[in-house]
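A.B. asks: With the sequence up front, the predicted model follows.
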Amino acid sequence: MTEHALHSKAFNQAIEEDLIIGSRCLVCGKISIPQRQICPNCHSDQAERVQASGQGTLAAFTVIYVPPTSMADAGYNAKNPYCVGIVSLEEGPRISAQIVGLDLSDPAAIKIGMPLRQTFVTRGEGETAKKFLAFEPI
Amino acid sequence: MAKKLSRGVAVVGVGMSKFGVFPEKTSRDLFVEAFQELMQSVQKGFNPNDIEAFYMGNFTSDYFENQSHLAPIVANWVGISPAASTRIEDACASGGVALRQAMLAIASGDVDVVLVGGLEKMTDLPGAKVTDALALAADSMFEIPAGFTFPGFYAAMATAYIDKYQADPDALLRVGIKNHENGALNDKAQFNQTIRSVMTGKQKKAEQKGLPIPDWQDEMAFLKDPKANPMIAWPLRLFDCSPVSDGAAAVLLVSEELADKFADEPLFIVGSGQASDGALAERASLSEVPAAALASQQAYEMAGIQPDDIDFAEVHDCFTIAEIMASEDLGFFPRGEGWRAAMEGRTARDGSHPINTSGGLKSKGHPVGASGVGQVVEVWKQMHGLAGERQLRGNLRYALTHNVGGTGQTCVVHIFEKRN
């Protein structure tokens, strides 16, 4: 384990490699995703990096019609909305991410509890292209 | 054992600017208006030179007005230099936290007379930039990359709440209708008109222009029409969201022993609590705001009272779902009952638990840093019979204010008592 493996930037660096990472506290066993240098449960600083399976379920969601600048730049607007959700990962922690591959014409049909798996989306083009974590229905 | 302040703190005056869109005014101008009104409200008068400290809630004048270090500037602008002046930034809870810091400063014994301010000038920026500014209150590493906006966060909480309790989403619209009915009676409110009058106004406009007149049966039909009330972040529509606002508010606090020198009828801060939390996704439950529940428990314990002792409350209804969750977090209703209470009118002015008689953030407006201070203005007005047509009936003793930053990363609650 390198010293910077649990730094705050490690999570988004791992996304670039199509991985969701976290940490497991070596004292109490708590898993944190994103990773933590100090365990939020027992305050130990002894932790190891873990990789999430990428499987989870939908805990909460919304369909956004009025996007922030970053998402507007990626092509989203009132006529082309996007879904963002909170996903309960198989390992326990929850995480925020875009949810792709859903029919957004009737948001009421999107069901909390539906199984999801990790995927990765690129927003922007050329030099501004950047990879982001997303989930899709299984 | 319940915690007590080392010495008591009283509110002896309040003031606020009108909340709204004021292209010709800066935040300083708005605060001057609030301060002038405060001067008038101090029943026995006072000398501004007596103000020893100034705590000012402001979210991001850096972004909105290209101005940091705003507290000493504003203090100077109202003539209270060299009072120790400090800006408090806790997103939308900045005003409530400024109030708490001012209270603690007096309770510590260091100062006796403290001015609390709250201000925000938001409308100079285009809408998309305002959305970006507000997003600064979320975690830029782990929440914003997902594509969340603030309406989006609260919308996600709404889906979790509705799913967990099988709640009727119409309850959200009921909150908006109720708060606009209250705000229609508040001349300081940004939208001081009812949803019904917004609706009939649009019908009249269509008629004048010779366009087809929309045939909405009632407010609910109007609010469910996607053309009249577009979806922002499902299930939240435009009228579920508080507006972008300019405004300022001011409150004068003094030590309990000095209260009678300033006011015939001071209000005493008998309870205060504040708690923090991590990002929304990390919380055990997404259908409640744990830090708000914790802050209110601290405040109730300090005051030695129960939620049912509260005669009325000003809560942080940045979005309609937020008021419903708050009504449970604060203990007014059991978990899962808040939506039903909203449907049944139990939070209306004539209900068992009146909430947001001022119109709330929803109708009164939400100049972010001012909101938590503006809530105290309504408490003062109701407690002193100055609330005009929206005045609550009966003897009012305890009132509560609830101010939230972000999605509940900061929550601050105060309880005020009028002693007869």
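C.D. replies: Nice, I can see it. Numbers count the residues shown, from 1 in each chain, chains lettered A, B, ... in the order given.
A.B. asks: ok, the nearest residue to A:Ala74 once chain neighbours are set aside - how many residues close by?
C.D. replies: With Cβ to Cβ, 6 or more residues apart in numbering or on different chains as the criterion, A:Ala74 has its nearest non-adjacent residue at 4.0 Å, and that residue is A:Arg123. Where C-beta positions appear, they are placed from N, C-alpha and C, glycine not excepted. A:Arg123: 19 surrounding residues under other Cβ atoms under 10 Å in any protein chain shown.
A.B. asks: tell me the contacts of A:Arg123?
C.D. replies: If you count contacts by Cβ atoms under 8 Å, 6 or more residues apart in numbering or on different chains, A:Arg123 has them with A:70-71, A:73-74, A:129-130, A:132.
A.B. asks: Within range of chain B, give me the residues from chain A.
C.D. replies: A:8-9, A:11-12, A:34, A:40, A:59-72, A:76, A:78, A:82, A:84-86, A:93-98, A:107, A:112, A:132-133 (Cβ under 8 Å from any Cβ of the partner chain).
A.B. asks: dump the residue contacts of A:Thr57.
C.D. replies: Taking Cβ under 8 Å, 6+ apart, one finds A:87-88, A:113-116 in contact with A:Thr57.
A.B. asks: Redo those as JSON lines? Include secondary structure.
C.D. replies: Output for those, formatted as JSON lines (DSSP: H, G, I helix; E, B strand; the rest coil):
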{"residue": "A:Val87", "secondary structure": "strand"}
{"residue": "A:Ser88", "secondary structure": "strand"}
{"residue": "A:Gly113", "secondary structure": "coil"}
{"residue": "A:Met114", "secondary structure": "coil"}
{"residue": "A:Pro115", "secondary structure": "strand"}
{"residue": "A:Leu116", "secondary structure": "strand"}
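A.B. asks: List only those of the residues you listed flagged as buried.
C.D. replies: Among these, those classed as buried by neighbour count (16 or more other Cβ atoms under 10 Å in any protein chain shown) are A:87-88, A:114, A:116.
A.B. asks: could you pull out the strands for chain B?
C.D. replies: Along chain B, the stretches classed as strands by DSSP state E are B:9-16, B:53-57, B:84-88, B:113-121, B:231-233, B:236-237, B:246-255, B:267-276, B:312-314, B:398-405, B:410-418.
A.B. asks: what's the closest of those strands to chain A?
C.D. replies: The closest approach between chain A and any of the strands of chain B, judged by Cβ to the nearest Cβ, belongs to strand B:231-233 at 4.5 Å.
A.B. asks: same for that closest one, what does it pack against?
C.D. replies: In terms of contacts (3 or more Cβ pairs under 8 Å, 6 or more residues apart in numbering or on different chains; DSSP states H and E), strand B:231-233 is packed against strand A:55-64, helix B:150-165.
A.B. asks: Let me see the residues that make contact with it.
C.D. replies: Residues external to strand B:231-233 that are found in contact with it (Cβ under 8 Å, 6+ apart): A:62-66, B:149, B:151-152, B:154-155, B:237-238, B:240-241.
A.B. asks: what about that strand, distance to the chain center?
C.D. replies: Distance of strand B:231-233 from the chain centroid (Cα atoms, centre = their mean, to the nearest Å) equals 22 Å.
A.B. asks: tell me the centre residue of chain B?
C.D. replies: When chain B is reduced to its mean C-alpha position, the closest residue under Cα atoms, centre = their mean turns out to be B:Ser371, at 4.0 Å.
A.B. asks: residue contacts, B:Lys261?
C.D. replies: Contacts of B:Lys261 were listed using Cβ under 8 Å, 6+ apart, and they are B:44, B:254.
A.B. asks: before we move on, what about B:Ile73?
C.D. replies: Counting by Cβ under 8 Å, 6+ apart, B:Ile73 has contacts B:28, B:67.
A.B. asks: run the last query once more with 7 Å
C.D. replies: Contact analysis of B:Ile73 by Cβ atoms under 7 Å, 6 or more residues apart in numbering or on different chains lists B:Arg28.
A.B. asks: could you pull out the strands for chain A?
C.D. replies: If DSSP E is used as the criterion, the strands of chain A fall at A:21-25, A:31-32, A:47-51, A:55-64, A:82-89, A:94-99, A:115-123, A:130-137.
A.B. asks: So which residue is dead centre in chain A?
C.D. replies: Relative to the centre of chain A - Cα atoms, centre = their mean - the closest residue is A:Ala97, sitting 4.2 Å away.
A.B. asks: related to what we said a few turns ago, out of the residues of chain A next to chain B, which end up buried?
C.D. replies: Among the residues of chain A next to chain B, those that count as buried by neighbour count (16+ other Cβ under 10 Å) are A:11-12, A:34, A:59-68, A:70-71, A:76, A:82, A:84-86, A:93-98, A:107, A:112, A:132-133.
A.B. asks: Mean pLDDT added to the strands of chain A, as JSON lines?
C.D. replies: Compiled in JSON lines, those are given as follows (pLDDT from 0 to 100):
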{"stretch": "strand A:21-25", "mean pLDDT": "97"}
{"stretch": "strand A:31-32", "mean pLDDT": "97"}
{"stretch": "strand A:47-51", "mean pLDDT": "96"}
{"stretch": "strand A:55-64", "mean pLDDT": "98"}
{"stretch": "strand A:82-89", "mean pLDDT": "98"}
{"stretch": "strand A:94-99", "mean pLDDT": "98"}
{"stretch": "strand A:115-123", "mean pLDDT": "97"}
{"stretch": "strand A:130-137", "mean pLDDT": "97"}
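A.B. asks: between the ones you listed, which one is nearest to B:Glu33?
C.D. replies: When those are compared for distance to B:Glu33 using Cβ to Cβ, the nearest one is strand A:55-64, at 35.8 Å.
A.B. asks: on that earlier part again, export the strands of chain B to a markdown table and tack on mean pLDDT?
C.D. replies: Rendered in a markdown table, the data for the strands of chain B read as follows (pLDDT from 0 to 100):
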| stretch | mean pLDDT |
| --- | --- |
| strand B:9-16 | 98 |
| strand B:53-57 | 98 |
| strand B:84-88 | 98 |
| strand B:113-121 | 98 |
| strand B:231-233 | 98 |
| strand B:236-237 | 98 |
| strand B:246-255 | 98 |
| strand B:267-276 | 98 |
| strand B:312-314 | 99 |
| strand B:398-405 | 98 |
| strand B:410-418 | 98 |
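A.B. asks: okay if I get those strands as a markdown table plus mean neighbour count?
C.D. replies: As requested, those are arranged in a markdown table below (neighbours: other Cβ atoms under 10 Å in any protein chain shown):
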| stretch | mean neighbour count |
| --- | --- |
| strand B:9-16 | 26 |
| strand B:53-57 | 29 |
| strand B:84-88 | 20 |
| strand B:113-121 | 30 |
| strand B:231-233 | 25 |
| strand B:236-237 | 25 |
| strand B:246-255 | 30 |
| strand B:267-276 | 22 |
| strand B:312-314 | 27 |
| strand B:398-405 | 28 |
| strand B:410-418 | 27 |
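A.B. asks: To A:Asp45, which of the ones you listed lies closest?
C.D. replies: Taking Cβ to Cβ as the measure, the strands of chain B were each checked against A:Asp45, and strand B:267-276 came out nearest at 21.1 Å.
A.B. asks: Now for the closest residue to B:Val373 other than its chain neighbours: which residues touch it?
C.D. replies: In this structure, B:Val373 finds its nearest non-sequential neighbour in B:Gly118, 3.4 Å apart by Cβ to Cβ, 6+ apart. With contacts taken as Cβ under 7 Å, 6+ apart, B:Gly118 has the following neighbours: B:57, B:94-95, B:98, B:248-249, B:369-374.
A.B. asks: before we move on, the earlier item: could the strands of chain A be laid out in TSV, adding distance to B:Asn192?
C.D. replies: As requested, those are arranged in TSV below (distance: least, Cβ to Cβ, whole Å):
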stretch	distance to B:Asn192
strand A:21-25	50
strand A:31-32	47
strand A:47-51	54
strand A:55-64	30
strand A:82-89	34
strand A:94-99	37
strand A:115-123	41
strand A:130-137	42
